[in-house]
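A.B. asks: my questions concern the predicted model and sequence given below.
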Amino acid sequence: MKLATIGVGNAGSKIVDRMLEFESRTDRNLCRHVHAINTARTDLAKPDYIPEERRVLIGDTNQKAKGHGVGGDVEVGAEVAKADLDEIRRAFDDVEIHTVDAILVVAGLGGGSGSGGGPVVIDALQEMYDEPVYALGVLPGEYEGGRPALNAARSLQSFVSKVDNFIGFDNDAWRAREQTIEEGYEQMNRELAARLVTLLAAGETDDSDVAENAMDSSDIIRTLNTGGISSIGYAATQVEESSEGLLDRWSSDSQRVNRDDGSQATKIKGLVRRAVNSRLTLPGEVSSADRALAVISGPPSEFSRKGIESARQWLEQEADTVEVLVGDDPRESSPRLSAAVLLSNVTEAPRIDEIQNQAVDAQEKIAEQEAVREEQINDLITDDNNDLDPVV
Ligand SMILES: Nc1nc2c(ncn2[C@@H]2O[C@H](COP(=O)(O)OP(=O)(O)OP(=O)(O)O)[C@@H](O)[C@H]2O)c(=O)[nH]1
């Protein structure tokens, strides 16, 4: 698949940057267009891979943002993006839409810029293009507190209703306790990038006849057509350099002998099983998914038709749906064989309910605190001062 990828806010831009890093390390070419849109000038200076001319600063003339971010205020994030919509649209003008299959918007939902600005950007994209628009949204960890949960719960509603599919990533599930938050983010972003790129880059070459079971971008689009909230599982293994394997790699496609000797089939089924049972980007009940798709990526000498078939049967049972696709993504020089599994429209994801509950609590607490504050101010100016007249 070929994507136009847009990071909104700081987390969104960092994740897109890691996607580009993973692509360049693994010789993939998924993101044909990239943009980073943010309200904080210093954060926009940080990416290693997003070209400078693709970084769009919004809200620098807004009194509440002034180029320094919106401090977790989702309303200001949305307001700033709306005010600078012309600039955002202009940035998209040079996206050659005929060269991409879909658009992916990436954002952290706990802050203000990505959470508030993301849905505004998505509206603009849906208006401008017919291609599907997907989102990758990061859910804040419980440890971040009530305000990020409230931002995320509100923003999630907008994201899910506006995009063609929302892929979730749960910071809580991926947090390693022994790391600082920044170190943790760096590792999470790399793990997430590997999953997204391995899955979505399948079929990016337009050369779908290189392998018999090659996955195509239309397969991915079909699987994501369910809408709703989706999750990705992933597993990888090092490819052994047997002399036979080397031979296979150097032979031409027509001469390639697929050994299909049972052990390769077992390996592929095992990888898909490991991917599904691994920590998902958004943990959830696999059997609640509407559709599933698995991409087996690596040197074609490692592929096995039997493996694909038994992985498909296993996944069909596990996800409890007949809408299952399993296919190859040949990467001739890759030292790894990997499986990325997309579970589309997972309806049972406990973290979503938790965030909604945390958000309701936070909203009640905020309302209570505001009422108390108002009362205190009233007390302060009315107590024992009843004889005094205000100046104006
Ligand atoms: N996985 C991951 N999550 C992050 C990262 N940075 C921030 N987050 C999460 O994303 C949420 C939003 O943070 P940012 O992206 O920094 O915020 P923003 O959208 O730029 O908005 P403002 O800072 O309010 O202007 C946070 O609450 C965290 O949950 C990151 O590098 N990786």
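C.D. replies: The structure has been received and is ready for your questions.

A.B. asks: what sits up against the strand or helix carrying Gly7?
C.D. replies: Assigned by DSSP states H and E, Gly7 falls within strand 3-8. Contacts to strand 3-8, defined as CB atoms under 8 Å, 6 or more residues apart in numbering, come from residues 12-17, 19, 30-38, 50, 81, 95, 97, 100-107, 113-114, 117-118, 121, 125, 200. (C-beta placed from N, C-alpha, C; glycine too.)

A.B. asks: where in the chain is the helix or strand with the lowest mean pLDDT?
C.D. replies: helix 243-250 (a mean of 43; mean pLDDT, DSSP states H and E).

A.B. asks: now whatever helix or strand comes next after that one: buried residues?
C.D. replies: Once the chain leaves helix 243-250, the next helix or strand it forms, by DSSP H and E, is helix 263-277. Within helix 263-277, the residues scored as buried using 16 or more other CB atoms under 10 Å are 264-265, 267-276.

A.B. asks: so what does helix 263-277 touch, helix or strand wise?
C.D. replies: Packing partners of helix 263-277 (3 or more CB pairs under 8 Å, 6 or more residues apart in numbering; DSSP states H and E): strand 229-238, strand 291-298, helix 305-319, strand 336-344.

A.B. asks: export those to a markdown table and tack on distance to the ligand and mean neighbour count?
C.D. replies: Shown next, in a markdown table, are these (distance: least, CB to the nearest ligand atom, whole Å; neighbours: other CB atoms under 10 Å):
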| stretch | distance to the ligand | mean neighbour count |
| --- | --- | --- |
| strand 229-238 | 14 | 21 |
| strand 291-298 | 22 | 26 |
| helix 305-319 | 26 | 19 |
| strand 336-344 | 18 | 26 |
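
A.B. asks: Arg25 is nearest to which of those?
C.D. replies: Taking CB to CB, strand 336-344 is the member of the helices and strands packed on helix 263-277 nearest to Arg25, at 11.2 Å.

A.B. asks: low-confidence stretches in this structure?
C.D. replies: For the chain, the stretches with pLDDT under 70 are 206-211, 241-261, 383-386.

A.B. asks: most proximal residue of the stretch 201-350 of the chain with respect to the ligand?
C.D. replies: Closest to the ligand within the stretch 201-350 of the chain is Thr281: 10.1 Å, counting by CB to the nearest ligand atom.

A.B. asks: surely that residue touches Asn171?
C.D. replies: No. Look at Thr281 against Asn171 with CB atoms under 8 Å: they stay out of range, at 10.5 Å.

A.B. asks: comparing these two, which residue is more hemmed in?
C.D. replies: Shown here are Thr281 and Asn171; by other CB atoms under 10 Å, Thr281 has more neighbours (27 against 24).

A.B. asks: contacting residues for that one?
C.D. replies: 167-170, 192, 195, 231-233.

A.B. asks: got it, and Gly59?
C.D. replies: 39, 65-67, 70, 76, 80-81, 83-84.
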